[in-house]
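Enquirer: With the input below, show me the fold.
(one chain, ligands or ions: 2)
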Amino acid sequence: MIKVGVLGARGRMGAEVCRAVQGAGDMELVAAVDQGDTLDALTGAEVVVDFTHPGVVMDNLKWCVEHGLHAVVGTTGFDPSRLDTVRSWLTGDASGNVVIAPNFGIGAVLMMHFAQQAAPFFDSVEIVETHHPNKADAPSGTAYRTAELVAAARAEAGVPASPDATTSEVDGARGADVDGVRVHAVRMSGAVAHQEVVLGGHGELFTIRHDSMNRESFMPGVLLAVRRVPELDRLTLGIETLLGL
Ligand SMILES: NC(=O)c1ccc[n+]([C@@H]2O[C@H](COP(=O)([O-])OP(=O)(O)OC[C@H]3O[C@@H](n4cnc5c(N)ncnc54)[C@H](O)[C@@H]3O)[C@@H](O)[C@H]2O)c1
Ligand SMILES: O=C(O)C1=N[C@H](C(=O)O)CCC1
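Expert: Residues are numbered from 1 along each chain as shown. Ligands and ions are numbered 1, 2, ... in the order given. As a prediction, this is how the structure comes out:
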C-alpha cells in the first residue's frame, strides 16, 4: 500500500483527492492536512499530494523535500524561476522526487500535446481558457504551460510571431502575453475548467478544445502520478512522460 498524505484536504481538489485515494485499492490515506494544521502529520506518508494555493505551495514543497517525501503537486503558479528553485532543492542528498503538473486531466494533457504539434503549421495561435470564478490565478497554469510549449515549438521551427496589427488597445483587450502567445482568461459561474487553443492560417481555423466537467476528471492522472513518482528522477514536469507522450 502506498501511504498518501494530502495538503489542501478540505479544498475542492484536495477533498476529491482524499476520496480517490480512499477508493484506490493500492493506497492508504494517512494524513489529510489543511490550513492551520501541523505538517508533522505528513511524516507518515510516502507521497504527499498538494492542491493548495500558489502563495503557499513553495513552502509546502520545501518542507516535503527536506523530509525526504515524494510530492505530487497540482497547485498552479509555477513560473520558470520557481521551477529553478525547486530544482536547486532536489540536488545532492535529497531523496524525494517531485511531479508538478498544471493539469492532471488526460484530455487536457493531450490537448497541450496536440497544440504543441500543430503550432508550427499555422500563422496564428491564441489560447482562451475559462474557469470557475473562485480561481485565484490568471491565466490558468494549463494555459501558461500550453503557451510555453506552443512558443517553444514555433521557435524551434523558425515560425515568426502571430501577425497582429493592433496599435491602439484598451488595456487587456488582447490578453496576456506568455512567451509571445496571447492568452485570454474568462471567469464564469457554472464553469469548471475549459480551454481552447485556436490556430489559424490560409483560410482555415483549427480549434483544439478540452472541457473538465467535474473534478473527478483529474483523478486518474493524480493517482497515476502518485504510483509513479517514487521511480522518477527528481523533478518531472507534467504527466506527459508518464503517459508515454
Ligand atoms: N493540476 C490540476 O490538474 C489542477 C486541477 C484543479 C485545480 N488545480 C489547482 O489546485 C489549486 C487548488 O485548487 P482548488 O480549487 O482545490 O482550491 P481550493 O481553494 O478549493 O482549495 C485549496 C485548499 O488549500 C488550503 N490551504 C491553503 N493554504 C494552505 C496551507 N498552507 N496548508 C495546507 N492547506 C492550505 C485551503 O484552506 C483550501 O482548503 C489551485 O492552484 C488550482 O489552480 C490544479
Ligand atoms: O480549478 C482550477 O483552479 C484549475 N486549475 C488548473 C489550472 O490553473 O490550469 C487546472 C484546471 C483547473
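Enquirer: show me what contacts the spatially closest residue to residue 79 that is not a sequence neighbour?
Expert: Using CB to CB, 6 or more residues apart in numbering and skipping the chain neighbours, the partner closest in space to residue 79 is residue 144 (7.7 Å). C-beta: built from backbone N, CA, C; applies to glycine. By CB atoms under 8 Å, 6 or more residues apart in numbering, residue 144 lies in contact with 76, 79, 102, 178, 183.
Enquirer: Show the buried residues in those.
Expert: Buried members of the contacts of residue 144, scored by 16 or more other CB atoms under 10 Å, are 76, 102, 178, 183.
Enquirer: filter these by proximity to ligand 1?
Expert: Residues of the buried ones among the contacts of residue 144 in contact with ligand 1 (CB under 6 Å from any ligand atom): 76, 102.
Enquirer: could you check the distance from the spatially closest residue to residue 94 that is not a sequence neighbour over to residue 48?
Expert: The shortest distance from residue 94 to any non-neighbouring residue, by CB to CB, 6+ apart, is to residue 65 (5.5 Å). From residue 65 across to residue 48, the span is 10 Å (CB to CB, to the nearest Å).
Enquirer: who has more neighbours, the two?
Expert: For residue 65 versus residue 48, neighbours defined as other CB atoms under 10 Å are more numerous around residue 48 (30 against 20).
Enquirer: Just the strands from the protein, written as ranges.
Expert: Assigned by DSSP state E, the chain shows strands spanning 2-7, 27-33, 47-50, 70-73, 98-100, 124-131, 176-178, 181-187, 193-201, 204-212, 235-237.
Enquirer: do you know which of those lies nearest residue 107?
Expert: When the strands of the chain are compared by CB to CB, strand 204-212 sits nearest residue 107, at 4.9 Å.
Enquirer: Tell me the helices and strands packed up against the closest one.
Expert: With contacts taken as 3 or more CB pairs under 8 Å, 6 or more residues apart in numbering; DSSP states H and E, strand 204-212 sits against helix 106-118, strand 193-201.
Enquirer: Setting aside sequence neighbours, what's the nearest residue to residue 20?
Expert: Counting by CB to CB, 6+ apart, the nearest residue to residue 20 once its immediate chain neighbours are dropped is residue 219, at 4.2 Å.
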